[in-house]
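Provided below for reference: sequence and predicted model.
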Amino acid sequence: MLFAVLLASHLLSDYPLRPNWLVARKNHWSGLLIHGMIVGVTMVMLLLPLLPEIWPALIVISGVHTIQDWLKVRVGNWLPGAPLVPYLVDQGAHILLLLICAQFPTLRMLIPPLPQIIYGLITIVVLWRWALPITMRVARSRYILRNE
């Protein structure tokens, strides 16, 4: 039941509640953040009676959805089969996130202790700062070599 409502919320916020001007701003943080807020508000509206229990999951879904969309914008064109493959990967990631959060709606079992959160944040910063640029350079060089 919860997954069905989360999926309906996702479909509403990704399609009818995402106007063309917002789609055009997907390359800017402002467009991504507005879309993330639309995702969150749509879930709140559809799940208002459950809000006191599941609000952590809704915040996680909104935030991760925004990050997933940012990743699609940043690396989607480098994936083979663009634009269809990045779109399908993005939607699959959104649905996987909804499935996980529907299984653990209060997120009590998913919230690690504080030291693990700190290590996770350090890992994300290291990957974003050093690994992603190296990966992008390799992907660009392979793309250039393939298209010469």
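Great, that's in hand. Numbering: from 1, shown residues only.

which residue ranges make up the domains of the protein?
Here the domain parsing of the chain from automatic domain parsing is 2-111, 113-148.

worst mean pLDDT among these?
Sorting the domains of the chain by mean pLDDT places domain 113-148 lowest, at a mean of 59.

now the helices for the chain?
Taking DSSP state H, the helices of the chain run over residues 2-14, 20-24, 29-46, 51-75, 84-103, 114-126, 132-146.

possible to save the ones you listed as JSON lines with mean neighbour count?
C-beta coordinates here come from the backbone N, C-alpha and C atoms, glycine included. JSON lines is the format used below for the helices of the chain (neighbours: other C-beta atoms under 10 Å):
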{"stretch": "helix 2-14", "mean neighbour count": "17"}
{"stretch": "helix 20-24", "mean neighbour count": "10"}
{"stretch": "helix 29-46", "mean neighbour count": "18"}
{"stretch": "helix 51-75", "mean neighbour count": "17"}
{"stretch": "helix 84-103", "mean neighbour count": "16"}
{"stretch": "helix 114-126", "mean neighbour count": "10"}
{"stretch": "helix 132-146", "mean neighbour count": "11"}
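
next one: stretch 20-36 to chain centre, how far?
13 Å (C-alpha atoms, centre = their mean, to the nearest Å).

got a list of contacts for that stretch?
The contact list for stretch 20-36 (C-beta atoms under 8 Å, 6 or more residues apart in numbering) reads 13, 18, 38, 62-63, 65-66, 69-70, 73.

end-to-end on that stretch?
Stretch 20-36 has an end-to-end distance of 15 Å (C-alpha to C-alpha, to the nearest Å).

kindly report the same for stretch 21-37.
15 Å.

contacting residues for V85?
Counting by C-beta under 8 Å, 6+ apart, V85 makes contact with L79.

isn't L7 up against L98?
Yes - with contact defined as C-beta atoms under 8 Å, L7 reaches L98; the gap is 5.9 Å.

what is in contact with these two at once?
By C-beta under 8 Å, 6+ apart, no residue touches both L7 and L98.

ok, the closest residue to L12 other than its chain neighbours - contacts?
Among residues not flanking L12 along the chain, T42 sits closest, at 5.4 Å (C-beta to C-beta, 6 or more residues apart in numbering). By C-beta under 8 Å, 6+ apart, the contact set of T42 is 9, 12-13, 17.
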